[in-house]
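Peer 1: A predicted structure for the sequence below; I have some questions about it.
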Amino acid sequence: MREVDEAKRETMMMKMLRMVAPGTPIREGVDNVLRAKTGGLIVIGYDDELAPIVDGGFSIDCDFTPAGLYELAKMDGAIILSEDAKRILFANTQLNPDPAIPTSETGTRHRTAERVAIQTGRLVVCVSQRRNVITIYQGDIRYSLKEISVIITKANQAIQTLERYKSVLDAALSSLSAIEMEEMVSLQDVTNVLQRFEMVMRIKSEIKRYITELGSEGRLIAMQLDELVTRVDEEAYLLVKDYTAEGNDLTPHQIISALHGLNSDDLLNTAVITRILGYPINGNLAETGASSRGYRILHKIPRLPQPIIENLTGEFSTLSKIVAASVEELDDVEGIGAIRARAIKDGLRRMQEQVFLERNL
């Protein structure tokens, strides 16, 4: 499936960026090579797959240091590091990957780097002598590292965009909570909120990549991101759990993964989202009612354990029935005593008052 492939690529990309992020010994050594304009080709990891294409050079097997990498890069050949990048295994080696492997690169060093990455699956770092750029390869992934100032600018712009989208999402959630209490939710309302959740999570994913690429320079942006989207993933999960159609074989996590895998056009198509939730597409979604099971609202009540929430939703099946239940009816649910029943009733009443107040502001 497309979303699985994309998830694997994103995981690999994040791992690559962490390996060469600012603050790591490798990045310090590579930056020294870049500033010296000597160029360099570095392969991380050595195994039976790589061995046949390595020719000549020197077996060093010494501890890795940024200074050592810089000095060895003055020679023309490639440098091979251990899997954990803590030791320098070989220097000044010639790499002879399969010339039949297609490559879009033009320079000899970059063509070799891309072919080695594709043939062996190893992370290869190529420092350009003329273009003054660092390019990393692994498998069929190619990525040129950007200057820190450029990444910080892009990350700050993405944070500002995230703030705007998060504000819209919060307003949509507040409106949804109000109409849930009034039993006026339509499938259109649900899909609109899910669209906003997915947009926020896509911006979050982009910012996390910037943070990874920034390494030690990305701490402040990471703090801003955490403050903005602390519970977004959890809220999205609970919303999906509330509105997944009966009989849908997909779990909430699988539904969220399917939403992640949608292209931009499909994400804006409410019929596609409705189908993923497991509902048949019949008529106008704005006129098709939907009932919340109550997971998202119940999680807002303080000190209400997950087993109690499951018992409540299992007993009453919809949020409207839970809200309408008396203290005595709540008390009859397994695990809920008189004190907790009153706390649930009071919590739901306060929430009703709050959402209606926010809606009318």
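Peer 2: Right, received. Where do you want to start?
Peer 1: Only the buried residues of the strand or helix carrying R35, if you could.
Peer 2: Element membership of R35, judged by DSSP states H and E, is helix 25-36. By 16 or more other C-beta atoms under 10 Å, the buried positions in helix 25-36 come out as 26-27, 29-34. All C-beta atoms are positioned from the backbone trio N, CA, C, and that covers glycine.
Peer 1: Next: stretch 325-342.
Peer 2: Here stretch 325-342 shows 325, 329-331, 333, 336, 340-341 as buried, counting by 16+ other C-beta under 10 Å.
Peer 1: now do stretch 152-166
Peer 2: Per 16+ other C-beta under 10 Å, stretch 152-166 contains these buried residues: 152, 155, 158-159, 162, 165-166.
Peer 1: Which stretches in the stretch 101-250 of the chain count as strands?
Peer 2: 123-127, 134-138, 141-144 (DSSP state E, counting those that start in this stretch).
Peer 1: Restricting to C-alpha, output the first one in PDB.
Peer 2: Written as PDB, here are the backbone C-alpha positions of strand 123-127 (Å, rounded to 0.1, in the frame of the first residue of the first chain):
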ATOM      1  CA  LEU A 123      24.000   5.500   3.900                       C
ATOM      2  CA  VAL A 124      26.400   7.400   1.700                       C
ATOM      3  CA  VAL A 125      27.500  11.000   2.400                       C
ATOM      4  CA  CYS A 126      28.900  13.000  -0.600                       C
ATOM      5  CA  VAL A 127      30.600  16.300  -0.100                       C
END
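Peer 1: Look up how far R111 lies from V323.
Peer 2: Relative to R111, V323 is positioned 66 Å away (C-beta to C-beta, to the nearest Å).
Peer 1: picking up where we left off before, so for L348, which of the strands of the stretch 101-250 of the chain sits nearest?
Peer 2: With C-beta to C-beta as the measure, strand 141-144 is the member of those nearest L348 (49.4 Å).
Peer 1: So what are the sheet partners of that closest one and their directions?
Peer 2: Looking at strand 141-144 with DSSP bridges, its partner strands are strand 134-138 (antiparallel).
Peer 1: now the strand it pairs with against strand 123-127, angle please.
Peer 2: 160 degrees (axes from the mean of the first three to the mean of the last three C-alpha atoms, to 10 degrees).
Peer 1: Distance from the chain centre to strand 134-138, please.
Peer 2: Relative to its parent chain, strand 134-138 has a centroid offset of 21 Å by C-alpha atoms, centre = their mean, to the nearest Å.
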